[in-house]
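A.B. asks: Everything below, folded, please.
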Amino acid sequence: MSRPALRVALLGCGSVGSQVARLLVEQRADLAARVGAPLELAGIAVRRPQLVRDVPFDRSLFTTDAAALVTRPDVDVVVELIGGIEPARGLILSALEHGASVVTANKALLAEDGASLFAAAEKATRDLYFEAAVAGAIPILRPLRESLAGDRVTRVIGIVNGTTNFILDKMDTSGSGFSESLEEAQALGYAEADPTADIEGFDAAAKAAILASLAFHSRVTAADVYREGISEVTAMDVASAKSMNRVVKLLAICDLVEDSHGRSVCVRVHPAMLPRSHPLANVNGAFNAVFVESEAAGQLMFYGPGAGGAPTASAVLGDLVTVARNRLQDVRGAGESTYAQLEIRDMGDTPTRYHVAIDVDDRAGVLASVAQAFARHDVSIQTVRQEGRGRDAQLVVVTHTAPDSALSATVEELRRMDIVRDVISVMRVEGEAEA
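C.D. replies: Now for the predicted structure:
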């Protein structure tokens with residue numbers, strides 16, 4: 001006997017929402033076979049229905065009343081793709097309160113106030129799934145949430161923003177500056193007219209918070225993430241990295257840190273130099289990749305398109321199939337896991353390494369004075385080399401691991417030294433063993 005259709009309310013019909021709607025129609029038979037019942041669009045909430053064109057379904061499904069749509073008694077699942085904090089938060093909470101399960105791609109909301117959403121889903125005994133919130137089509141959240149639930153994850157490091165990766169890749173391959181590379185990204189549609197969320201690291205920070213929360217079973221918000229963007233990365237920084245067989249990437253880094261004080265979590269987003277031998281160094285263009293390290297599984301790599309309508313819709317549909325199956329079986333999937341409640345470590349206490357390029361006077365004693373500045377802050381130097389002579393003399397220093405606050409203090413002292421004309425490049429180094 002065939003089962004009645006499960007009714008799906010869609011909030012938003014932009015680049016991702018329109019693809020979700022298209023796939024629901026075009027793959028209707030396959031989706032029904034996978035779920036065990038048909039999936040049927042109950043309605044699509046948009047602000048301006050007249051702007052949505054070329055839809056493969058009855059336009060009567062459009063409504064501007066999202067609040068009424070999510071509370072309809074015949075709606076089984078709400079798919080939220082409008083983004084932002086409000087009205088998305090209120091609509092999701094209302095949907096859960098009225099008995100619908102929720103699929104969302106809203107990274108900003110999950111990173112800011114995931115706690116209230118998870119609590120509402122728990123109270124309603126409904127699902128809250130969000131695979132599409134991080135890295136587009138790449139299946140990374142469910143492996144962290146479920147597949148690696150029996151393992152201890154120690155590190156998650158990834159390229160989770162395609163816009164910044166495209167820009168930095170362009171700077172590396174063509175030698176162009178940041179502004180020119182950003183303009184090209186905008187012309188090709190990889191960057192928004194206002195690229196602030198991407199280039200200043202806000203987008204990556206929200207994703208890092210979600211990754212860390214799942215990996216370390218501790219609640220991490222976007223406010224807990226140390227953040228630097230790429231707007232200060234220069235062609236000289238990229239060229240310096242290339243001269244050492246490294247590449248500059250904007251990285252989201254989530255670390256489980258263990259020391260004499262116990263275990264804690266450090267979550268950060270910033271540009272860093274990676275050796276070209278590292279798997280993430282070869283992630284080019286607008287692609288994303290996430291590298292996971294765990295005690296039992298070892299090293300795992302997840303790679304693919306991190307944005308775009310169809311790739312992100314793929315992740316949304318994957319969640320929708322799972323949530324729909326759960327509704328049919330009257331079960332609930334994995335909820336929030338925060339049992340560890342690990343402390344969030346301050347960036348200043350986090351062990352890092354620096355690459356520092358210093359414009360110095362080319363005279364006797366300069367190298368010794370610079371080395372003493374590092375020593376005064378208990379920062380050990382791994383390598384140092386001089387480039388140029390006379391007025392063009394430059395020292396390039398790569399440190400051993402030290403607390404970030406000590407490295408930062410060293411750089412500030414260097415800036416005040418008479419023999420230092422300028423500290424022209426400061427960048428963290430990741431992904432290689434210390435000599």
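A.B. asks: drop to CA atoms for contacts and neighbour counts, all remaining ones
C.D. replies: OK.
A.B. asks: contacting residues around residue 193?
C.D. replies: residue 186 (C-alpha atoms under 8 Å, 6 or more residues apart in numbering).
A.B. asks: Let's see the pLDDT reported for it.
C.D. replies: Per-residue pLDDT puts residue 193 at 92.
A.B. asks: Just say helix, strand or coil for it.
C.D. replies: Following DSSP: H, G, I helix; E, B strand; the rest coil, residue 193 is assigned to coil.
A.B. asks: Quick check: the gap between it and residue 199.
C.D. replies: 12 Å (C-alpha to C-alpha, to the nearest Å).
A.B. asks: Count the residues that sit near residue 49.
C.D. replies: 16 (other C-alpha atoms under 10 Å).
A.B. asks: Mind listing the residues bridging to the nearest residue to it once chain neighbours are set aside?
C.D. replies: Distances taken as C-alpha to C-alpha, 6 or more residues apart in numbering put residue 62 closest to residue 49, at 6.3 Å, once the chain neighbours are dropped. Going by DSSP bridges, residue 62 is paired in beta bridges with residue 44.
A.B. asks: Hmm, residue 62 is touching residue 44, no?
C.D. replies: Yes: contact criterion C-alpha atoms under 8 Å: residue 62 and residue 44 qualify, at 4.8 Å.
A.B. asks: the more surrounded of those two?
C.D. replies: Neighbours were counted for residue 62 and for residue 44 using other C-alpha under 10 Å; residue 44 has more, 26 against 23.
A.B. asks: dump the residue contacts of that one.
C.D. replies: 9-13, 61-63.
A.B. asks: List only buried entries from those.
C.D. replies: Among the contacts of residue 44, those classed as buried by 16 or more other C-alpha atoms under 10 Å are 9-13, 62-63.
A.B. asks: What about those residues, which are in strands?
C.D. replies: Using DSSP state E, the subset of the buried ones among the contacts of residue 44 located in strands is 9-11, 62-63.
A.B. asks: give the contact list for residue 131.
C.D. replies: If you count contacts by C-alpha under 8 Å, 6+ apart, residue 131 has them with 104-105, 139-142, 315-316, 319.
A.B. asks: hmm, try it at 6 Å
C.D. replies: Residues near residue 131 by C-alpha atoms under 6 Å, 6 or more residues apart in numbering: 141, 315.
A.B. asks: From residue 158, how far out is it?
C.D. replies: In terms of C-alpha to C-alpha, residue 131 sits 16 Å off from residue 158.
A.B. asks: try residue 274
C.D. replies: 12 Å.
A.B. asks: Give me the more crowded residue out of these two.
C.D. replies: Higher neighbour count among residue 274 and residue 158: residue 158, with 28 against 25, using other C-alpha under 10 Å.
A.B. asks: ok, what's across the strand from the more buried one?
C.D. replies: Beta-bridge pairing of residue 158 under DSSP bridges involves residue 252, residue 290.
A.B. asks: so what's it up against?
C.D. replies: Neighbouring residues of residue 158 by C-alpha under 6 Å, 6+ apart: 251-252, 289-291.
A.B. asks: okay, the closest residue to residue 413 other than its chain neighbours: pLDDT?
C.D. replies: Sequence neighbours aside, residue 373 is the residue nearest to residue 413 in space, at 7.0 Å (criterion: C-alpha to C-alpha, 6+ apart). On the pLDDT scale, residue 373 is placed at 96.
A.B. asks: Residue 373: which element?
C.D. replies: Applying DSSP states H and E as the criterion places residue 373 in helix 366-376.
A.B. asks: what residues does that helix touch?
C.D. replies: Counting by C-alpha under 6 Å, 6+ apart, residue 410 sit against helix 366-376.
A.B. asks: top helix in the protein by residue count?
C.D. replies: In terms of residue count, the longest helix belonging to the chain (DSSP state H) is helix 309-329.
A.B. asks: How about that helix, which residues are buried there?
C.D. replies: Using 16+ other C-alpha under 10 Å as the test for burial, helix 309-329 gives 309-327.
A.B. asks: quick one, strands of the stretch 1-150 of the chain?
C.D. replies: Assigned by DSSP state E, counting those that start in this stretch, the stretch 1-150 of the chain shows strands spanning 6-11, 39-45, 62-63, 77-80, 101-104, 128-129.
A.B. asks: Minimum distance to residue 222: which of those strands has it?
C.D. replies: Comparison of these against residue 222 by C-alpha to C-alpha identifies strand 101-104 as nearest, at 17.4 Å.
A.B. asks: neighbouring strands for the closest one, and are they parallel or not?
C.D. replies: Paired neighbours of strand 101-104 in the sheet (DSSP bridges): strand 77-80 (parallel), strand 128-129 (parallel).
A.B. asks: How about stretch 354-363, which residues are buried there?
C.D. replies: By neighbour count on 16+ other C-alpha under 10 Å, the buried set for stretch 354-363 is 354-362.
A.B. asks: Can you tell me what sits against that stretch?
C.D. replies: Contacts to stretch 354-363, defined as C-alpha under 6 Å, 6+ apart, come from residues 390, 393-399, 419-429.
A.B. asks: So which of those residues sit within strands?
C.D. replies: Judged by DSSP E, these include 394-399, 420-429 as members of strands.
A.B. asks: quick one: which two of these are the most distant?
C.D. replies: Maximum distance among these (C-alpha to C-alpha): 23.4 Å, for 421 and 429.
A.B. asks: who has more neighbours, the two?
C.D. replies: Per other C-alpha under 10 Å, whichever of residue 421 and residue 429 has more neighbours is residue 429, with 23 against 16.
A.B. asks: list the contacts for the more buried one?
C.D. replies: Per C-alpha under 6 Å, 6+ apart, neighbours of residue 429: 272-273, 353-354.
A.B. asks: a markdown table please, covering the residues you listed and showing secondary structure, pLDDT and distance to residue 304.
C.D. replies: Converted to a markdown table, the contacts of residue 429 look like this (DSSP: H, G, I helix; E, B strand; the rest coil; pLDDT from 0 to 100; distance: C-alpha to C-alpha, whole Å):
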| residue | secondary structure | pLDDT | distance to residue 304 |
| --- | --- | --- | --- |
| 272 | strand | 97 | 21 |
| 273 | strand | 96 | 21 |
| 353 | coil | 95 | 29 |
| 354 | strand | 95 | 29 |
